[in-house]
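S.K.: Okay, predicted coordinates and the sequence, questions at the end:
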Amino acid sequence: MYIFDSVKKAKLHFEPIRPGEVSIYVCGPTVYDDAHLGHARSSLAFDLLSRTFRALGYKVTMGKNFTDIDDKIIKKVEETGKSMQEITSYYIERYLEEMAALGVQRADIEPKATESLEAIEQMVQTLIDKGFAYVVSNGDVYFDTSKDSHYGDISHKVTDDDTQSRVGHSSEKRNPKDFALWKACKGEDDICFDAPFSSGRPGWHIECSAMIEKYFKGNDQYTIDIHGGGADLLFPHHENEAAQSRCATGHELAKYWMHNGFVQIDGEKMSKSLGNSFFLKDALKVYDGEVLRYYLNSVHYRNDFNFNEEDLQTAKKRLDKLYRLKKRVSPGKGSAVNRDLKKALLDAMSDDLNISIALSVIDEMIADTNEKLDANHKDKALKKETLANIEFIDTLLGFGGKEPFSYFQIGVDESLKNKIEELLQKRTEAKKEKDFATSDAIRDELIEMGISIMDTAEGTVWEKA
């Protein structure tokens, strides 16, 4: 397995901390609003990574956190009058539902900042005790970046821009680059937690470091194998995580760092400040989650993704071909996966998740299988192998697992489905009574509605033409 390391800026041969095992931690969402396509892209990229490792025989432990303490959440509390727990629970549930719709497998560990306060406080206190952090007069705690000689090694970027911190500026900061580990209470109505250094709440960066140390056990060099997230997190978030973890524990946080590219809409970087944020919930109202998954994964994870509906429709047509083949070899049970296909797919995904090659391998399999079925449509062995191939594709890449006729019913609303089923029932009754004129008339009516039907041994099935 080869992966591109964001720190060394090179594709490296993956060598795990423990043989046969891999630990992955991905920065999850700050739960104050609905998930957008950027969240989806990151989740899908690291879902592909974990699926690939599992297919290669590794024991994978995946962690993804929820930031449920943050200034943006507190602002939402003030705006809505709801409790912090009400807001965060709602958005966590929505996030998980939407990721499930995309076929993203749940993480093995899903820590929340509110459930890790003791670990956070302990790490902050350790940094204070070791001289890497200091408390200012109002109770805020800052990390002293001048004490870490390796600060900047992760992102190769060090800035004096004070916007790297999610907490307000303090004139008592020793260095402009210092960042907040703990934010003291600012008033009686502030949401705060008691700690030895002050009553307050954690800074953004310290949460992940503390949760990783709490839930993962590495070795004397690294806590986890791979730390991942969006490219926007490389600096300052991951730089600051690495610094505070290194200074608190005496070893590096992660052996490898991986980052996925941005999502753009028609060439413009997605940003709420630009007013063009595309919520995932809106996309899922129009497109099936599996279609979105295929489309969002069709571009290599490190590249920026330009979301537009024309390309999405093209991607769907490509996915349609797989389901048309599945329909052609269904129903039935799979046999054994074709060895050459499995090797080709694993070789592609082992090359830093080279999805373009993997998809081209699938396209070739579809074309080759259709050609063989054209020559001999009764080839039972080929049909069983094809079903097994598609099952493996679903396991590795997360698409192809739907019942094919159901897949081609995507986009048909419930009222139309009910009408179709009602017409099919009438057609079945007409055929039983040998009223073929009515039966044919119903078929013609369905065709005019854009619905094609097929009579099988299991009954009549239909799809959107």
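M.R.: Structure received. For clarity, every value in this text was computed on a predicted model and none was experimentally measured.

S.K.: Let me know the secondary structure of residue 382.
M.R.: Following DSSP: H, G, I helix; E, B strand; the rest coil, residue 382 is assigned to helix.

S.K.: which residues does it contact?
M.R.: 329, 369, 372, 373, 376 (CB atoms under 8 Å, 6 or more residues apart in numbering). The C-beta positions use only the backbone N, C-alpha and C, and glycine is treated the same way.

S.K.: measure the closest residue to residue 57 other than its chain neighbours to residue 206 for me?
M.R.: Leaving aside its chain neighbours, residue 57 sits nearest to residue 20 (7.3 Å; criterion: CB to CB, 6 or more residues apart in numbering). Using CB to CB, to the nearest Å, one gets 32 Å for the distance from residue 20 to residue 206.

S.K.: Those two - which one has more neighbours?
M.R.: Of the pair residue 20 and residue 206, residue 206 is the one with more neighbours under other CB atoms under 10 Å, namely 29 against 9.

S.K.: residues touching the more buried one, list them.
M.R.: Residue 206 is in contact with 120, 123, 124, 181, 182, 244, counting by CB under 8 Å, 6+ apart.

S.K.: Just the closest of the residues you listed to residue 287, please.
M.R.: Closest approach between the contacts of residue 206 and residue 287, by CB to CB: residue 120, at 38.9 Å.

S.K.: Could you count how many residues lie near the closest one?
M.R.: Residue 120 - counted by other CB under 10 Å - has 27 other residues nearby.

S.K.: And for residue 155?
M.R.: The number of residues packed near residue 155 is 20, by other CB under 10 Å.

S.K.: Give me the buried positions along stretch 137-145.
M.R.: By 16 or more other CB atoms under 10 Å, the buried positions in stretch 137-145 come out as 139, 140, 141, 142, 143, 144, 145.

S.K.: Excluding chain neighbours, what is closest to the third one?
M.R.: Of all residues beyond its chain neighbours, the one nearest residue 141 is residue 182 (3.8 Å), with distances taken as CB to CB, 6+ apart.

S.K.: Secondary structure element holding the one you found?
M.R.: Using DSSP states H and E, residue 182 sits in strand 179-184.

S.K.: Show me what that strand is packed against.
M.R.: helix 117-129, strand 141-143, strand 200-202, helix 204-215 (3 or more CB pairs under 8 Å, 6 or more residues apart in numbering; DSSP states H and E).

S.K.: Rebuild the ones you listed as CSV, extending it with mean pLDDT and distance to residue 295.
M.R.: Formatted as CSV, the helices and strands packed on strand 179-184 follow (pLDDT from 0 to 100; distance: least, CB to CB, whole Å):
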stretch, mean pLDDT, distance to residue 295
helix 117-129, 98, 38
strand 141-143, 98, 40
strand 200-202, 96, 37
helix 204-215, 96, 29
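
S.K.: and residue 12, which of these is closest to it?
M.R.: Proximity to residue 12 (CB to CB) singles out helix 204-215 among those, at 20.7 Å.

S.K.: pLDDT averaged over the helix or strand following that closest one, what's the number?
M.R.: Counting by DSSP H and E, the next helix or strand C-terminal to helix 204-215 is strand 222-230. Strand 222-230 shows a mean pLDDT of 98.

S.K.: circling back: got the helices and strands packed on strand 179-184 as JSON lines, with distance to residue 385 columns?
M.R.: Formatted as JSON lines, these follow (distance: least, CB to CB, whole Å):
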{"stretch": "helix 117-129", "distance to residue 385": "50"}
{"stretch": "strand 141-143", "distance to residue 385": "57"}
{"stretch": "strand 200-202", "distance to residue 385": "54"}
{"stretch": "helix 204-215", "distance to residue 385": "41"}
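
S.K.: quick one, which of these is nearest to residue 432?
M.R.: helix 204-215 (61.5 Å).

S.K.: wouldn't residue 405 be in contact with residue 326 here?
M.R.: No - taking contacts as CB atoms under 8 Å, residue 405 lies outside contact range of residue 326: 9.8 Å.

S.K.: Neighbour count: those two, which is higher?
M.R.: Neighbours were counted for residue 405 and for residue 326 using other CB under 10 Å; residue 326 has more, 24 against 17.

S.K.: The more buried one contacts residue 388, correct?
M.R.: No - taking contacts as CB under 8 Å, residue 326 lies outside contact range of residue 388: 11.5 Å.

S.K.: Look up how far residue 421 lies from the residue nearest to residue 330 when sequence neighbours are not counted.
M.R.: Spatial nearest neighbour of residue 330, excluding adjacent residues (CB to CB, 6+ apart): residue 404 at 5.7 Å. Distance, residue 404 to residue 421, by CB to CB: 18 Å.

S.K.: same question, residue 340
M.R.: Distance, residue 340 to residue 421, using CB to CB: 42 Å.

S.K.: Check residue 316 too.
M.R.: Look at residue 316 and residue 421: by CB to CB, they are 25 Å apart.

S.K.: How about residue 10?
M.R.: Residue 10 is 57 Å from residue 421, by CB to CB.

S.K.: who's more crowded, the two?
M.R.: The neighbour comparison of residue 10 against residue 421 (other CB under 10 Å) goes to residue 421, with 12 against 9.

S.K.: Least confident secondary structure element in this protein?
M.R.: Within the chain, no helix or strand scores below strand 268-269, which has a mean of 70 by mean pLDDT, DSSP states H and E.

S.K.: Now the following helix or strand past it: buried residues?
M.R.: Next along the chain after strand 268-269, taking DSSP H and E as the criterion, comes helix 280-286. Residues of helix 280-286 classed as buried: 280, 283, 284 (neighbour count, 16+ other CB under 10 Å).

S.K.: What residues of stretch 196-203 count as buried?
M.R.: By neighbour count on 16+ other CB under 10 Å, the buried set for stretch 196-203 is 197, 198, 200, 201, 202, 203.

S.K.: right, I mislabeled it, should have said stretch 293-307
M.R.: Along stretch 293-307, these residues count as buried under the neighbour rule (16+ other CB under 10 Å): 293, 294, 295, 296, 297, 298, 299, 300, 301, 305, 307.

S.K.: Alpha carbons of it, as CSV, please.
M.R.: Extracted in CSV, the C-alpha atoms of stretch 293-307 (Å, rounded to 0.1, in the frame of the first residue of the first chain):
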residue,chain,number,x,y,z
ARG,A,293,-21.0,8.7,-3.8
TYR,A,294,-19.9,7.5,-7.2
TYR,A,295,-19.6,11.0,-8.5
LEU,A,296,-17.8,12.5,-5.5
ASN,A,297,-15.3,9.6,-5.6
SER,A,298,-14.7,9.7,-9.3
VAL,A,299,-12.0,12.4,-8.9
HIS,A,300,-8.8,11.5,-7.0
TYR,A,301,-9.2,12.4,-3.3
ARG,A,302,-6.2,14.8,-3.4
ASN,A,303,-7.5,16.9,-6.3
ASP,A,304,-10.0,19.7,-5.9
PHE,A,305,-13.5,18.7,-7.0
ASN,A,306,-15.6,20.9,-9.2
PHE,A,307,-19.2,20.0,-8.6
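
S.K.: and that stretch, how far from the chain's centre?
M.R.: Here the centre of stretch 293-307 is set off from its chain's centre by 12 Å, with CA atoms, centre = their mean, to the nearest Å.

S.K.: Identify the residues contacting it?
M.R.: With CB under 8 Å, 6+ apart as the criterion, stretch 293-307 contacts 4, 37, 40-41, 44-45, 48, 102-103, 259-267, 269-270, 278, 311-312, 315-316, 318-319, 352-356, 359, 397-399.
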